[in-house]
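K.L.:
pasting a predicted model and its sequence here:
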Amino acid sequence: VVCDGTDNFASRYLINDACVLSDKPLIYGSVQRFEGQVTVFNCNPESPNFRDLLPVPPSPGAIPSCSEAGVMGVMPGLIGLLQATETIKLITGIGRCLDGRLLVVDALSMRFRELTLRRDSGRAPIKDLIDYSQFCGAATTEMDSFAMETISVTELKALLDGDAGDLALVDVRNPAEAEIVVIPSAVLIPLSKIESGEAIEQVRSLAEGRRLFVHCKLGMRSAKAAQLLAEHGILATNVTGGIDAWAQEVDPMLPRY
């Protein structure tokens, strides 16, 4: 029995495929912020596995990591206990495991929901192990070829202290992150709204006649935002290190998360 406690997509795909090839059940768990998921993969040949839950990895920066979005301290313990329970049940052969069932835990409302997870019969079979770092990083190729302007937080601070009227600063983090700490004068426009196209004209209006800067927590999501905006003819400069670097180098009194 394999119990997965890893925190990155490359490891999860590797562990999943190894379990499929060696015919071993996999107890899966994940956490982010106030939520968690638990299920059991590969109990039998008809069971779903991780690739049925997530056929392809998300593009880098599309989903904030725990270091970016945070995680409620008790969530890893809670999800880990549920995984341990499933492990004991499999080893002893008692009860009904979460095969084909995804348990979703919402700690804020303290609700447990169960979703049905089925095996995709049309999915390509897993025949061997691959380069999982390359598999999960394939989406970076386009971004790597994108010539993006960057600026340090200290350089940005100098510009803001000068004539800030000719620049616009967009914060692409999630609203919950902005409740913790913000850079003064930044306009909150989450990356998801830029990706969907909903906020493109809003950003275009902000950037009209101004130099546009984008920031997130660490710089990955804002880099993605700069790339997406460039596709719409809007040039943006990425703030290296994001608000975390700002809290370290510009204003150490600000909270870090």
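P.N.:
That came through, no problem.
K.L.:
in the stretch 101-250 of the chain, which spans are strands?
P.N.:
101-106, 111-116, 150-151, 167-171, 187-188, 211-215, 236-239 (DSSP state E, counting those that start in this stretch).
K.L.:
distance to Val203, mean pLDDT and mean neighbour count added to the ones you listed, as JSON lines?
P.N.:
For every residue, glycine as well, the C-beta is placed using N, CA and C. Converted to JSON lines, the strands of the stretch 101-250 of the chain look like this (distance: least, C-beta to C-beta, whole Å; pLDDT from 0 to 100; neighbours: other C-beta atoms under 10 Å):
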{"stretch": "strand 101-106", "distance to Val203": "32", "mean pLDDT": "95", "mean neighbour count": "16"}
{"stretch": "strand 111-116", "distance to Val203": "35", "mean pLDDT": "94", "mean neighbour count": "10"}
{"stretch": "strand 150-151", "distance to Val203": "17", "mean pLDDT": "94", "mean neighbour count": "16"}
{"stretch": "strand 167-171", "distance to Val203": "6", "mean pLDDT": "96", "mean neighbour count": "23"}
{"stretch": "strand 187-188", "distance to Val203": "9", "mean pLDDT": "97", "mean neighbour count": "14"}
{"stretch": "strand 211-215", "distance to Val203": "7", "mean pLDDT": "96", "mean neighbour count": "24"}
{"stretch": "strand 236-239", "distance to Val203": "8", "mean pLDDT": "96", "mean neighbour count": "24"}
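K.L.:
among the ones you listed, which is nearest Ile126?
P.N.:
strand 101-106 (19.7 Å; C-beta to C-beta).
K.L.:
what angle sits between that closest one and strand 111-116?
P.N.:
150 degrees (axes from the mean of the first three to the mean of the last three C-alpha atoms, to 10 degrees).
K.L.:
tell me the strands beside strand 101-106, with direction?
P.N.:
strand 35-41 (antiparallel), strand 111-116 (antiparallel) (DSSP bridges).
K.L.:
just the CA atoms of it, as CSV, please.
P.N.:
In CSV, the C-alpha atoms belonging to strand 101-106 read as follows (Å, rounded to 0.1, in the frame of the first residue of the first chain):
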residue,chain,number,x,y,z
ARG,A,101,-15.2,8.3,-4.3
LEU,A,102,-13.4,11.7,-3.7
LEU,A,103,-13.9,13.0,-0.2
VAL,A,104,-13.8,16.8,-0.2
VAL,A,105,-13.3,18.5,3.2
ASP,A,106,-14.2,22.2,3.7
